[in-house]
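Novice: Take this sequence and fold it.
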Amino acid sequence: MQIPTTTLWIPPDIHAELMYYAWKVDAEVGGLGRLVFDQENNDIFVEELYLIEQEVHQTECTLSAEGTAKLYEELIANDEADKIGQLSLWWHSHKNMQAKFSTTDDECMRTWPGQYVVSLVVNRKGEMTASLTTKSPILVVGEIDVEVNWLDPYNVDFLEKDVEAKVSIVKPKYNTTPIKKKQEQLTSETKKTHNMTDAEWVDEEVKEWASMGYTVSHGYDKWDDWDTVNAQLEAEERKYWKEMGK
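Specialist: Okay, here's the model as predicted:
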């Protein structure tokens, strides 16, 4: 059975709010958030953030019961009492420290009132960690993925129309597959995946160009020769594109 994954999705404007709070307050700061759950895709979406009255320190922020009560009163007064049941996000910043939950955070999640809570910690670097804690039928705490949904800005309708009206994607005139393949192979991640030595990696590059009908001469014994070979490869790439343009 494939284990489903869960992602906490944050719109760009709400992400900007989180970063503003993290940078504006020269200490930890936190609040609540309104969530919507997508049961079909097993994902969670942040809809709104709320800053609560609190006392903060460099390594701690305590949301006051009075501040939470005030938020409830404001929602009720604005005829938004239905949002109270959706306030299941607890967020806070760690300023310049790692965006990881502390033992104090863990205890807060375990003792949180209600059957579940989604927790989010951020820092000024933009790093984020999210967790889901449920208490029914038993206590379960686990980290979940967290991502900024860059395709969901507040003015997405305007931006979509703007792109449709002004942007045309042009298909390449020539077959760029060989070059793209070469670029992919040049990444260090791919290199590590194949567990190649430096010399073996250069050999693979030379073989790739040879398969396209080019000959790259080399006579290296160590990694220091890579710059020379790489320059030859770049020259062959320019030659390739020149011939493709004929």
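Novice: Give the rounded mean pLDDT of the one helix or strand residue 141 maps to.
Specialist: Taking DSSP states H and E as the criterion, residue 141 maps to strand 140-148. Average pLDDT, strand 140-148: 94.
Novice: What ranges in this protein fall below the confidence cut-off?
Specialist: Within the chain, the stretches with pLDDT under 70 are 1, 172-230, 232, 244-246.
Novice: centre of the chain versus the helix or strand containing residue 68, how much separation?
Specialist: Per DSSP H and E, residue 68 falls inside helix 65-77. Put simply, helix 65-77 sits 32 Å off its chain's centre (Cα atoms, centre = their mean, to the nearest Å).
Novice: Moving along the chain from that helix, name the first helix or strand you hit.
Specialist: strand 89-93.
Novice: ok, that next one: who's next to it in the sheet?
Specialist: strand 30-38 (antiparallel), strand 116-122 (parallel) (DSSP bridges).
Novice: Deepest-packed of those, please.
Specialist: strand 116-122 (a mean of 23; mean count of other Cβ atoms under 10 Å). To be clear about C-beta, it is placed using only N, CA and C from the backbone, and glycine gets the same treatment.
Novice: quick check: angle from that strand to strand 140-148?
Specialist: 50 degrees (axes from the mean of the first three to the mean of the last three Cα atoms, to 10 degrees).
Novice: after strand 116-122, next one along is what?
Specialist: strand 128-134.
Novice: what distance separates the strand holding residue 141 from the centre of its chain?
Specialist: 12 Å.
Novice: Which strands or helices does that strand pack on?
Specialist: strand 7-10, helix 103-110, strand 128-134 (3 or more Cβ pairs under 8 Å, 6 or more residues apart in numbering; DSSP states H and E).
Novice: Residues touching the second one, excluding its own?
Specialist: With Cβ atoms under 8 Å, 6 or more residues apart in numbering as the contact definition, helix 103-110 has outside contacts at 60, 90, 92, 101, 117, 119, 121, 131, 133, 139, 141.
Novice: And for the first one?
Specialist: Here strand 7-10 makes contact (Cβ under 8 Å, 6+ apart) with 18, 43-46, 118, 120, 128, 130, 144-149, 152.
Novice: ok, of the residues you listed, which come out buried?
Specialist: 18, 43-46, 118, 120, 128, 130, 144, 146, 148-149 (16 or more other Cβ atoms under 10 Å).
Novice: ok, back up a step: just the angle for the strand holding residue 141 relative to strand 128-134, thanks.
Specialist: Going by the same axes, to 10 degrees, strand 140-148 makes 140 degrees with strand 128-134.
Novice: going on from strand 140-148, what's the next piece of helix or strand?
Specialist: Past strand 140-148, the next helix or strand by DSSP H and E is helix 156-166.
Novice: Show me how far that following helix is from its chain's centre.
Specialist: With Cα atoms, centre = their mean, you get 24 Å for helix 156-166.
Novice: Could you do stretch 118-129 as well?
Specialist: 11 Å.
Novice: residues in contact with the residue nearest the centre of the chain?
Specialist: The residue lying closest to the centre of the chain (Cα atoms, centre = their mean) is residue 147, at 4.1 Å. The contact partners of residue 147, by Cβ under 8 Å, 6+ apart, come to 7-10.
Novice: Done for today, thanks.
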